[in-house]
Structures are given as structure tokens and as C-alpha cells.
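**Student:** Need a 3D model of the following:
(2 chains)
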Amino acid sequence: MKFLAVIFALGLLSAPVGAVEPSEILKDPLLEKRARSISKGLRCVVCQNQSIDDSDAPLARDLRVLVRDRIVAGDSDQAVIDYVVSRYGDFVLLRPPVKAVTLVLWFGPIVIALIGVFGIILFFRRQKKYAAQLEKETKA
Amino acid sequence: MNRFAYYTPLVLLGVLAVYFAAGLGRDSQTLQSVLINQKVPEFSLQPIEGATKGLSSADLKNQVVLVNIFGSWCDSCRIEHPFLMELKEKNIVPVYGIDWREVNRQAGPRWLKKFGSPYTLIGDDPKSRGAIAFGVTGAPETFFVDKQGVIRYKHMGPITEQNWNDTLKPILDELRKQ
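**Tutor:** Down below sits the predicted model:
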């Protein structure tokens, strides 16, 4: 049992490492933390459903290094993200931004749910009305 | 009104079916580049081994040119290579090369020595800086850059005689007129 617990603990340790190679890691832990958080939000354009932080693809690796180089050069997080977006488009953002063309994506589900709720309310109201009417008729 | 209401789910289903059917035919791997009609992002690449001049964004001006991303490791690049040689030999359009992610400094030059170089200038791109400037996702990719240094078209995959004649040549002619 103890053995299993150790194995489990080791597994927990290894989980958050991603695909970042030791040689890529910045010396300043604060900058490295920023780089990791930016990388997690950027899509690997070769494998598409992984972030560059997770991907082993060579291009993902080069993008990770680029992110770090720009951070070291003094760019803000947003400037680094904008730099990548200006070349690959919003598509590289794993979390799509809220703007005119993505409104349907963000709020479509809520609108559809509201229509459903409205429909259900309408249905029960009508049933009530119908029952009341039926009652009246049978009394009469 | 009531009677029509019964058909709404069916109508909605129909709309969704059409939408998804259209989506089936789309290749999610090909991405529309955001760089079309944008100035070539600034980049500067070292020469490959044995060459004296590399490639930078400043070189892509005053004439319509192609920028081709290639690598000696890339099989499709080998396939399109003879056609690029033809473009050069017949003086159809200057082609600039970005030698992307070679395993070592010798691999690219060796490949070009063996098969011939169709490129006016070549930039060595071991860290993908040139490739990322162009928003490249794979090789080969070819960009049309106009006289103002603006990216006007992106072609993914090898250039062949057929897609050249059908699509790319007309685009070149159009850009030259402007």
C-alpha cells in the first residue's frame, strides 16, 4: 500500500511538466512561470488540439522558445500573445476571444437554453389554462 | 400557429444537417492565413553554409516574388523541386527560399548541391523564426509577395505544373499588373 502511494505521489509530480525540455527553461522562475502560462493558452498549429506547452512537435518547441525569448526581451504577456496571433490568427488561442465573429460561439448555447426554458414555461402555462377550462366545462 | 410549431424541431434539425454536411467537406488542417494583404513581418535570417548572403524582409521588395519554405527533410519539397527549377531556368519569377529546420548546417546545402538551387537568396532557419514570421504550419508552403512587400497569397503543399497553370500563374499575372 505504501509502495502504491509512493508511485501515485511520483505520478503527481510528473504531471505538470508538459513537453518543456530542460534546456528551454528560463533561469528566472518568475519569467518561466509567465512563459508556461502563455504557452498553455497557445495552440500547437501542427497538432491542433494540444497547446504548445503539451506538444512535442518541433514547431511547438520553437514557439515555446520564441515566447521565452520575447519575455526575456521585456515583452508583456499580451504583447507576446499578440505577436503570435498576428502571424497565426485567433485560431492559435485555445480560448477564443469574445468579439463580433465569436458572439454566436460564446452566447449561442445560452440563447438556445433560454429558448428552451421559455418553451417549457409556455407549455405548463397553457396546460394550466387548459385544465382550468376543462374544469369549468365539466362543472357547467 | 400551433400546427407550425410542431414542425420547428424538424426545421431546426434540417438547418443543422445542412450546416454540418457543409462542414464535413472542409479540411480543418488548412487554415486561412491572417497575413494575406499584410506586410511581410520583419525577419532576418543568416546565410546557409557556403553562401554569403542570407534572407531578410528587406530583400522582398520592388518586384513580385515567391517565398518558398523548404527543407532537405521534406519529401514534398523534393517533389516540387523540379518545377521550381523550371521557374528559375525559364526566368518566370524569382523564388526566395527559407531553409527550415535542418538537422545540421550541412544538410540543406548538400541537398541543394545535389539537386540544384532554384533560389535567388536563401535564409537559414534552424529556429523557425522565418517560418513563424510567415505563420507557416508545414513545408512546403509558398507565399506571393508583391512590389510593396505585401503578402498576397499563400499556397500550401507542393507547387505542380497543374496547380501552377490553374491557380498560381493567374495570380502572378494579376499581381504584376498592379
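**Student:** After the lengthiest helix in chain B, which helix or strand is next? Please name it.
**Tutor:** In chain B, assigned by DSSP state H, the helix with the most residues is helix B:8-24. Next along the chain after helix B:8-24, taking DSSP states H and E as the criterion, comes strand B:44-45.
**Student:** Residues contacting that next one, please?
**Tutor:** Outside of strand B:44-45, the residues within contact range by C-beta atoms under 8 Å, 6 or more residues apart in numbering or on different chains are B:G54, B:L55, B:S56, B:S57, B:I98, B:G123, B:D124, B:D125, B:R129, B:G130. C-beta here means a position set from N, CA and C on the backbone, and glycine is covered the same way.
**Student:** Just give me the closest of the residues you listed to chain A.
**Tutor:** Set against chain A, the nearest of the contacts of strand B:44-45 by C-beta to the nearest C-beta is B:R129 (7.3 Å).
**Student:** related to what we said a few turns ago, report the distance from the longest helix of chain B to the chain centre.
**Tutor:** Its chain's C-alpha centre and that of helix B:8-24 lie 34 Å apart, by C-alpha atoms, centre = their mean, to the nearest Å.
**Student:** Give me the helices and strands touching that helix, please.
**Tutor:** Contact partners of helix B:8-24 among helices and strands, from 3 or more C-beta pairs under 8 Å, 6 or more residues apart in numbering or on different chains; DSSP states H and E: none.
**Student:** From the contacts of strand B:44-45, which land in helices?
**Tutor:** Those of those lying in helices (DSSP H): B:R129, B:G130.
**Student:** Name the member of the contacts of strand B:44-45 with the most neighbours.
**Tutor:** Top of the contacts of strand B:44-45 by neighbour number is B:I98, holding 31 neighbours under the definition other C-beta atoms under 10 Å in any protein chain shown.
**Student:** Is that residue bridged to anything, and to what?
**Tutor:** B:I69, B:G123 (DSSP bridges).
**Student:** before we move on, what about B:Y153?
**Tutor:** B:F144.
**Student:** That one: what's it in contact with?
**Tutor:** Shown in contact with B:Y153 (C-beta under 8 Å, 6+ apart): B:I36, B:F143, B:F144, B:L168, B:I171.
**Student:** So is the host helix or strand of A:Q127 next to chain B?
**Tutor:** Per DSSP H and E: A:Q127 is located in helix A:103-139. No - with C-beta under 8 Å from any C-beta of the partner chain as the criterion, chain B is not reached by helix A:103-139; the gap is at least 9.3 Å.
**Student:** quick check: mean pLDDT across that helix?
**Tutor:** Across helix A:103-139, the average pLDDT comes to 91.
**Student:** need the residues of chain A near chain B, please.
**Tutor:** A:45-46, A:48, A:58-59, A:62-63, A:65-66, A:84-89, A:91.
**Student:** from those, which single one is nearest B:A22?
**Tutor:** A:F91 (19.0 Å; C-beta to C-beta).
**Student:** is it true that that closest one touches A:L42?
**Tutor:** No - using C-beta atoms under 8 Å, A:F91 is not in contact with A:L42, being 10.4 Å away.
**Student:** Same drill for the two, tell me which one is more crowded.
**Tutor:** Just comparing A:F91 and A:L42: by other C-beta under 10 Å the higher neighbour count belongs to A:L42, 23 against 15.
**Student:** can you give me how far the lowest-mean-pLDDT helix or strand in chain A is from the chain middle?
**Tutor:** Sorting the helices and strands of chain A by mean pLDDT, DSSP states H and E puts helix A:2-14 at the bottom, at a mean of 74. Mean-position distance between helix A:2-14 and its chain equals 28 Å (C-alpha atoms, centre = their mean).
**Student:** what's downstream of it, the next helix or strand?
**Tutor:** Next along from helix A:2-14, by DSSP H and E: helix A:29-40.
**Student:** The helix or strand following that following helix - contacts with which helices or strands?
**Tutor:** Using DSSP H and E, the helix or strand that directly follows helix A:29-40 along the chain is helix A:58-72. Here helix A:58-72 touches helix A:29-40, helix A:77-88, helix B:129-133, going by 3+ C-beta pairs under 8 Å, 6+ apart.
**Student:** Deepest-packed of the ones you listed, please.
**Tutor:** helix B:129-133 (a mean of 22; mean count of other C-beta atoms under 10 Å in any protein chain shown).
**Student:** Say whether chain A is contacted by it.
**Tutor:** Yes - using C-beta under 8 Å from any C-beta, we find that helix B:129-133 touches chain A at B:R129, B:A131, B:I132, B:A133.
**Student:** these two touch, right, A:C47 and A:A57?
**Tutor:** Yes - using C-beta under 8 Å, A:C47 makes contact with A:A57 at a distance of 5.6 Å.
**Student:** Setting aside sequence neighbours, what's the nearest residue to the residue positioned nearest the centre of chain A?
**Tutor:** The geometric centre of chain A, computed from its C-alpha atoms, lies nearest to A:R95 (C-alpha atoms, centre = their mean), at 4.3 Å. Among residues not flanking A:R95 along the chain, A:G41 sits closest, at 6.1 Å (C-beta to C-beta, 6 or more residues apart in numbering or on different chains).
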